[in-house]
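>>> Structural data only, the sequence is not supplied:
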């Protein structure tokens, strides 16, 4: 697709790993509520990262994940012990890989490979290291190193600098439409992994390419 | 409650006016879908204002309201003509007042009264002027004048300067938990109107007071 690309940079949550794989443990703890908890938890997790960035009250994504879980359980009137809370949080360190990811990421060996995530290292590194794609990446880049959540321009700038590249040398790959918009606004090449046939976000910034799953990225080889 | 307060500053959408009053027209156009459209529309409207602020791609709240409606209808696979779209948007200029609002706002005449909203003037002013509280306010303050959405510190700073007050002289009143957190982070006194018994937001910033509806504000007289 483009010879100017020098790195494949992957978002992590939703893109490589299935954030809704927490559903199973949620369901075990709260029968009949697994789906509802996992959807609300993810929605509040994103909202809290956005809000803290806007307000200038940064805290780590680990804390944000904990805070959003707590809100979600309270909203659904589900009681929880410290032990249950910890058990749910731990699931974020062993999310399932989407099925095609390992095969695709391994084939993309012609260029640098990196992950770039809102996750803090205390949750990001354990997640990747316990997975089947551990050791595949040249760099693990976290916004926590500069305390600037995506989709701020400063966050993408940090990833670009960490890779010692120019904007248009990065192919940024994410399943999150808002992340694609932010990366495109900054100047990355962008590929949106639209796993659940969502409509395009109306933010005036369309991805350079859209695929149903990560397999589509192979055409950038 | 506090003698240092010199102004009552009200958020608009959700606080004075019921954003879900669009449900009726949504239901007329898409029978059985009114509730779902109105909830998703509001959620995306907030999300788009947050995201545009984070990305540095500001556009007016009028445009954000239009974009979020379009996304919502597309997501729900509901076809729409330009005329229908316009009809739905226009509803945002004639939202219903919450029932207690007029009576309470009229009583709060011992101090300055202002509204401070993410809404751009092209939707905010028609809404207030067609309502039963038209003429009650000393100031209508819009973030659009500085292109900084709440909950950024710059947005609250703008409201404070427009009123020629200090931070702790403002009692800021909102039904939006994120707005309360942002205002409290900035330094306003805050009262959260928690109409639907939501749990507190887990953002480390609690309101100074919480009420079920606007009537509670009368104790600040």
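Okay, I see it. Because the structure is predicted, anything quoted here is derived from the model rather than measured.
>>> Need the pLDDT of residue A:75.
Looking at residue A:75, its pLDDT reads 97.
>>> Low-confidence regions, chain A specifically.
A:1-3 (pLDDT under 70).
>>> Mind jotting down where the helices sit in it?
For chain A, the helices defined by DSSP state H occupy A:23-29, A:34-55, A:61-75, A:82-90, A:101-107, A:121-129, A:153-162, A:177-186.
>>> Please identify the most buried of the ones you listed.
Most buried of the helices of chain A by mean neighbour count (mean count of other Cβ atoms under 10 Å in any protein chain shown) is helix A:177-186; its value is a mean of 26. (Each C-beta comes from the backbone N, C-alpha and C, glycine too.)
>>> Could you list every helix and strand in contact with it?
Applying 3 or more Cβ pairs under 8 Å, 6 or more residues apart in numbering or on different chains; DSSP states H and E, we find helix A:177-186 packed against helix A:153-162, strand A:170-174, strand A:189-193, helix B:34-55.
>>> per-domain residue ranges of chain A.
As given by automatic domain parsing, the domain ranges for chain A are A:7-16+A:98-220, A:19-91.
>>> and chain A, which residues reach chain B?
A:47-48, A:50-57, A:59, A:67-68, A:70-71, A:74-75, A:149, A:151-153, A:178, A:181-182, A:185, A:198-199, A:201-205 (Cβ under 8 Å from any Cβ of the partner chain).
>>> Make TSV out of the helices of chain A and add distance to residue B:23.
Output for the helices of chain A, formatted as TSV (distance: least, Cβ to Cβ, whole Å):
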stretch	distance to residue B:23
helix A:23-29	30
helix A:34-55	21
helix A:61-75	21
helix A:82-90	34
helix A:101-107	41
helix A:121-129	39
helix A:153-162	37
helix A:177-186	26
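>>> nearest to residue B:42, of those?
helix A:34-55 (13.0 Å; Cβ to Cβ).
>>> Provide a list of residues in contact with residue A:34.
Listed by Cβ atoms under 8 Å, 6 or more residues apart in numbering or on different chains, the contact set of residue A:34 reads A:23-28.
>>> thinking again about what came up before, nearest to residue B:131, of the helices of chain A?
Comparing those by Cβ to Cβ, helix A:34-55 comes nearest, at 28.7 Å.
>>> related to what we said a few turns ago, nearest to residue A:35, out of the helices and strands packed on helix A:177-186?
helix B:34-55 (16.8 Å).
>>> The closest one: how far from the chain's middle?
13 Å (Cα atoms, centre = their mean, to the nearest Å).
>>> and that helix with helix B:61-75, angle?
130 degrees (axes from the mean of the first three to the mean of the last three Cα atoms, to 10 degrees).
>>> how big is the angle separating helix B:34-55 from helix A:177-186?
Orientation note: helix B:34-55 sits at an angle of 30 degrees relative to helix A:177-186 (the same axes, to 10 degrees).
>>> give me the number of residues near residue A:139?
Neighbourhood size, residue A:139 [other Cβ atoms under 10 Å in any protein chain shown]: 14.
>>> Reformat the helices and strands packed on helix A:177-186 as JSON lines; add distance to residue B:157.
Formatted as JSON lines, the helices and strands packed on helix A:177-186 follow (distance: least, Cβ to Cβ, whole Å):
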{"stretch": "helix A:153-162", "distance to residue B:157": "21"}
{"stretch": "strand A:170-174", "distance to residue B:157": "33"}
{"stretch": "strand A:189-193", "distance to residue B:157": "34"}
{"stretch": "helix B:34-55", "distance to residue B:157": "14"}
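>>> Out of those, flag the one nearest residue B:109.
Comparing the helices and strands packed on helix A:177-186 by Cβ to Cβ, helix B:34-55 comes nearest, at 31.1 Å.
>>> and residue A:115, how far is that from residue B:13?
38 Å (Cβ to Cβ, to the nearest Å).
>>> I should have written residue A:164 there, sorry.
The gap separating residue A:164 from residue B:13 is 45 Å, by Cβ to Cβ.
>>> of the two, who's got more company?
residue B:13 (25 against 10).
>>> which residue packs closest to that one, ignoring adjacent ones?
residue B:19 (5.1 Å; Cβ to Cβ, 6 or more residues apart in numbering or on different chains).
>>> Surely that neighbour and residue B:11 touch.
No - using Cβ atoms under 8 Å, residue B:19 is not in contact with residue B:11; the gap is 11.1 Å.
>>> List the residues that contact the closest residue to residue A:7 other than its chain neighbours.
Counting by Cβ to Cβ, 6+ apart, residue A:7 lies nearest to residue A:112, which is 3.9 Å off, once chain neighbours are set aside. For residue A:112, the contacting residues are A:6-8, A:138-139, A:163, by Cβ under 8 Å, 6+ apart.
>>> Drop anything exposed from those.
For the contacts of residue A:112, a burial check counting by 16 or more other Cβ atoms under 10 Å in any protein chain shown picks out A:7-8, A:163.
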